[in-house]
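Novice: Sequence first, then the predicted structure:
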Amino acid sequence: MPPIDPTKKQLTRITAAPYTVPYLRAEVEALGFEIQEEDAVGVHIGASLLDCMPLNLRLRTAQHVLWQLTRFRCPSPDALYTSVAAYPWESLIANDGYISIVSNVDNPKVTNSLYPSRVVKDAIVDRIMKKTGARPDSGPDRYQTVINLFWKGDRAWVYLNTSGERLGDRGYRKLPHHAPMRETLAAAVLLAAGYDGSRPLVNPMCGSGTLAIEAALIATGRAPGLLRSNFGLLHTYLADDDAWREARREAGKLKRARELGPVPRIVASDHDPSAVEAARRNARAAGVEQHIEFVECDFADTPMPEGAGDVVINPEYGERMGEAAALAETYGRIGDFLKQRCAGWTGHLFTGSRELAGKVGLRAAKKTPFMNAKIECRLLRYEMWSGTRDS
């Protein structure tokens, strides 16, 4: 088998949460890549390992960037071991390193979901032991080299997870507060709302501040991957330090270009002082504290910037933290707030309760589906016209 070439275009799979693929696709295409395939939780493109660097740094809605290493016919676990062991792992992974295997298997011959991961792990470490005299450690943690197996029917694909840990783990959420929204989901919700940083954004009930922080990252053009230093591709022999530094430098240019102009106001409020403090500290860790106005108040008293913009509210919806009946009054007050304080603005309500959404008392112009953990949610869009709609 020829040496591994990091400049060669390989099938690269970029994964995302359910319902967020349209926003991932737009991001990937904006970076100049052509989508080859698309499914419910990801897209495929042709990319080199060097291309994976900016993808990891710049994508806001992606979970992992997977670079294909090999593919083969795989009718059985024995065939899986033989084909994986034929790959030159000693050219990729150090014998004193650490590997983690993640498997996604759809094969009637496999009833134990952990077994294929063990087969792949054994094939890799046995090969490295045979070639170098020592073997890397392995386990469930994903802080170094992560290998992904996809095995469907009699075909198998093996990828290097160039991200390692999930890209949504930006590293800024030092104080998560109650039931926080994941960073990648928050970014997708903002993109679905049409937010691009060109107009004000108000985030009542901000909790730990994830929506406001992701909005500030968008408004300032900051690449979210710059907030973390650990990526899976850096723990391989293919890591190119010069190329990595250049990728980070290019990503940083976007931030400086956007920050030349003023950032439209971003206001985040919560009645809970511990939530406001958590949001402020998280924003500080993300480097965007100066772009967000934090206010401790009832959501209905949230200060509204002049002009028009977007209001994004993510209240409790009774599935995890509060009972639905107790929240009905709150949702009614959300409707009053939108009608009385947000004329000329666009309102966006993220909720997992259709029943509670009905208490808002407004007709949604658009309903966009999302998944928050295992809860099916909707982002409801309300056009809050100033005066009459015809005017």
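Specialist: Perfect, thanks for sending it.
Novice: Point out where the chain drops to low pLDDT.
Specialist: Residue ranges of the chain with pLDDT under 70: 1-2, 177-179, 255-260, 319-322, 387-391.
Novice: try it again with 90
Specialist: Within the chain, the segments meeting pLDDT under 90 span 1-4, 108-113, 173-180, 253-263, 317-326, 373-374, 385-391.
Novice: Break down it into its helices, ranges please.
Specialist: 21-30, 52-58, 77-85, 115-132, 183-192, 210-220, 241-258, 273-286, 324-341, 354-357 (DSSP state H).
Novice: so which of those helices is the most packed in?
Specialist: With neighbours taken as mean count of other C-beta atoms under 10 Å, the helices of the chain reach their highest mean count in helix 210-220, at a mean of 27. (Glycine included, C-beta is placed from N, CA and C.)
Novice: And for Pro200, nearest residue in space, chain neighbours not counted?
Specialist: Excluding its sequence neighbours, the residue lying closest to Pro200 (C-beta to C-beta, 6 or more residues apart in numbering) is Gly309, at 3.4 Å.
Novice: who's in contact with the one you found?
Specialist: Going by C-beta atoms under 8 Å, 6 or more residues apart in numbering, Gly309 touches 199-202, 264-265, 345-346.
Novice: rerun at 6 Å
Specialist: Contacts for Gly309 (C-beta atoms under 6 Å, 6 or more residues apart in numbering) come out as 199-201, 345.
Novice: Also Leu379?
Specialist: Shown in contact with Leu379 (C-beta under 6 Å, 6+ apart): 189, 192, 348, 350, 368.
Novice: again, only this time at 8 Å
Specialist: If you count contacts by C-beta under 8 Å, 6+ apart, Leu379 has them with 189, 192-193, 348-350, 367-368, 370.
Novice: For the closest residue to Leu114 other than its chain neighbours, list each beta-bridge partner.
Specialist: Using C-beta to C-beta, 6+ apart and skipping the chain neighbours, the partner closest in space to Leu114 is Ser103 (7.9 Å). Beta-bridge pairing of Ser103 under DSSP bridges involves Leu149.
Novice: I figured Ser103 hits Val120, correct?
Specialist: Yes. At 7.0 Å, Ser103 counts as touching Val120 under the criterion of C-beta atoms under 8 Å.
Novice: Touching both of these two, which residues are there?
Specialist: Listed as contacting both Ser103 and Val120 by C-beta under 8 Å, 6+ apart are Leu149.
Novice: Turn the helices of the chain into a markdown table, including distance to Ser91.
Specialist: As requested, the helices of the chain are exported to a markdown table (distance: least, C-beta to C-beta, whole Å):
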| stretch | distance to Ser91 |
| --- | --- |
| helix 21-30 | 28 |
| helix 52-58 | 17 |
| helix 77-85 | 14 |
| helix 115-132 | 9 |
| helix 183-192 | 32 |
| helix 210-220 | 37 |
| helix 241-258 | 18 |
| helix 273-286 | 37 |
| helix 324-341 | 56 |
| helix 354-357 | 53 |
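Novice: check contacts around Pro180.
Specialist: Neighbouring residues of Pro180 by C-beta under 8 Å, 6+ apart: 173, 207-208, 210.
Novice: one more time with 6 Å, if that's ok
Specialist: Contacts of Pro180 by C-beta under 6 Å, 6+ apart are 208, 210.
Novice: and stretch 51-67, C-alpha only, in PDB?
Specialist: C-alpha atoms of stretch 51-67 as PDB (Å, rounded to 0.1, in the frame of the first residue of the first chain):
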ATOM      1  CA  ASP A  51      -8.500  21.100   3.600                       C
ATOM      2  CA  CYS A  52      -9.800  19.600   6.800                       C
ATOM      3  CA  MET A  53      -7.900  22.200   8.800                       C
ATOM      4  CA  PRO A  54     -10.000  25.200   7.800                       C
ATOM      5  CA  LEU A  55     -13.100  23.000   7.900                       C
ATOM      6  CA  ASN A  56     -12.500  22.200  11.600                       C
ATOM      7  CA  LEU A  57     -11.700  25.800  12.400                       C
ATOM      8  CA  ARG A  58     -14.500  27.600  10.500                       C
ATOM      9  CA  LEU A  59     -17.600  25.500  10.500                       C
ATOM     10  CA  ARG A  60     -20.200  26.500  13.100                       C
ATOM     11  CA  THR A  61     -22.800  23.700  12.700                       C
ATOM     12  CA  ALA A  62     -20.500  20.700  12.100                       C
ATOM     13  CA  GLN A  63     -19.900  18.000  14.700                       C
ATOM     14  CA  HIS A  64     -17.000  16.100  13.100                       C
ATOM     15  CA  VAL A  65     -14.900  16.200  10.000                       C
ATOM     16  CA  LEU A  66     -14.000  12.600   8.900                       C
ATOM     17  CA  TRP A  67     -11.200  12.000   6.300                       C
END
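Novice: what does that stretch contact?
Specialist: Outside stretch 51-67, the residues that touch it by C-beta under 6 Å, 6+ apart are 10, 12-16, 20, 23-24, 27, 49, 148, 159-163, 166-167, 184, 187-188, 223-225, 231, 247, 251.
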